[in-house]
Every structure is written in structure tokens, then in C-alpha cells.
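A.B. asks: model the following, please.
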Amino acid sequence: MGHSLGDAIIVAAIAAAIVAYLYFKHVERRRRLEVIHQERLVAMDKGVPLPELPLDPPKTPKVKDPYDVLLHGIVWLAFGVGGMLMAAMAMPSLNGRPVWPFALPLALLGAGLVLYYVLASNRNR
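C.D. replies: Alright, predicted model coming up:
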């Protein structure tokens with residue numbers, strides 16, 4: 001299966017967009033550092049003592065939501081059950097084989113995440 005000229009144009013456009021994003025992000029950071037540098041020079045000329053300035057602001061870690069695992073489990077379970085129902089109703093069999101089990105891994109993943117949430121929350125209490 002070969003690739004067409006349209007595929008190449010799409011890949012080139014996506015690559016150009018990523019490079020442009022990174023370039024503009026770099027230019028903005030450099031401009032911000034230049035402004036900070038100028039402000040510090042003016043303050044030093046006036047004799048104002050300045051503390052050392054970090055180049056990047058410190059990143060605060062995100063607080064993990066304890067219900068994330070439960071939410072993901074419910075969503076995956078709903079996708080799996082919905083996929084099995086849709087496959088059972090729309091196409092009961094393909095070449096004599098039932099189709100509904102194809103969505104079973106999604107439902108089992110969701111059930112496993114919900115079970116993990118229940119067991120982990122009981123352990124923390």
C-alpha cells in the first residue's frame with residue numbers, strides 16, 4: 001500500500017505546525033527573559049537589591065483525585081457493555097461466530113478498574 005502526495009502534504013503540514021509551535025514558544029520565552037533582564041538592570045542601576053530569579057517558575061504537582069480510577073472504570077465498563085450490546089443487536093454473527101465478545105476486553109478492563117478502586121479504598125480505611 002503506497003502513500004500519495006496528499007499524505008506527504010498532510011505529514012509535512014503537521015510537522016511544520018509542531019516546529020512553528022516550538023519556535024514561537026522559544027521566542028516568547030526569550031522575549032520574557034529579555035524583559036526581566038532589562039527590569040533587573042534598571043533596578044540594579046537604582047541600587048535596589050534583587051534576589052536571584054529562577055528562569056522558570058516552579059511547577060506545583062497536581063493533586064491526584066481519588067475518584068479517577070473509579071471514573072475510568074465506569075467509562076470503560078460502559079464502552080464495553082455498550083459495544084457488546086451493539087454488536088449483539090447489529091450483527092449477531094460473522095461467518096457463524098458471535099461478534100459480541102470483541103468488546104469483552106473493554107468491559108473487563110472497566111470491571112477491573114472498578115474492582116481496583118473498591119479494594120484500594122477499603123485498604124486505605
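A.B. asks: for this protein, which helix is longest?
C.D. replies: helix 5-45 (DSSP state H).
A.B. asks: same question for it, mean pLDDT?
C.D. replies: Across helix 5-45, pLDDT averages out at 92.
A.B. asks: tell me the helix or strand right after it.
C.D. replies: Sequence-wise, the next helix or strand downstream of helix 5-45 (DSSP states H and E) is helix 68-90.
A.B. asks: next, the buried residues of that next one.
C.D. replies: Buried residues in helix 68-90, counted by 16 or more other CB atoms under 10 Å: 69, 70, 72, 73, 76, 77, 80, 81, 83, 84, 87. No exception for glycine: its C-beta is placed from N, CA and C like everyone else's.
A.B. asks: got the domain ranges for this protein?
C.D. replies: The record's domain parsing of the chain by automatic domain parsing lists 1-58, 68-120.
A.B. asks: please identify the most buried of these.
C.D. replies: When these are scored by mean count of other CB atoms under 10 Å, the highest mean neighbour count falls to domain 68-120 (a mean of 14).
A.B. asks: what about that one, how long is it end to end?
C.D. replies: Using CA to CA, to the nearest Å, the end-to-end distance of domain 68-120 comes to 12 Å.
A.B. asks: ok, now stretch 88-103?
C.D. replies: End to end - CA to CA - stretch 88-103 spans 10 Å.
A.B. asks: can I get stretch 109-119 in PDB, CA atoms only?
C.D. replies: Taking C-alpha atoms only, stretch 109-119 is exported to PDB below (Å, rounded to 0.1, in the frame of the first residue of the first chain):
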ATOM      1  CA  LEU A 109     -10.900  -3.600  31.800                       C
ATOM      2  CA  GLY A 110     -13.600  -1.400  33.300                       C
ATOM      3  CA  ALA A 111     -14.700  -4.000  35.800                       C
ATOM      4  CA  GLY A 112     -11.000  -4.500  36.800                       C
ATOM      5  CA  LEU A 113     -10.600  -0.700  37.400                       C
ATOM      6  CA  VAL A 114     -13.800  -0.500  39.400                       C
ATOM      7  CA  LEU A 115     -12.700  -3.600  41.500                       C
ATOM      8  CA  TYR A 116      -9.300  -2.000  42.000                       C
ATOM      9  CA  TYR A 117     -10.900   1.200  43.300                       C
ATOM     10  CA  VAL A 118     -13.100  -0.800  45.700                       C
ATOM     11  CA  LEU A 119     -10.200  -2.800  47.000                       C
END
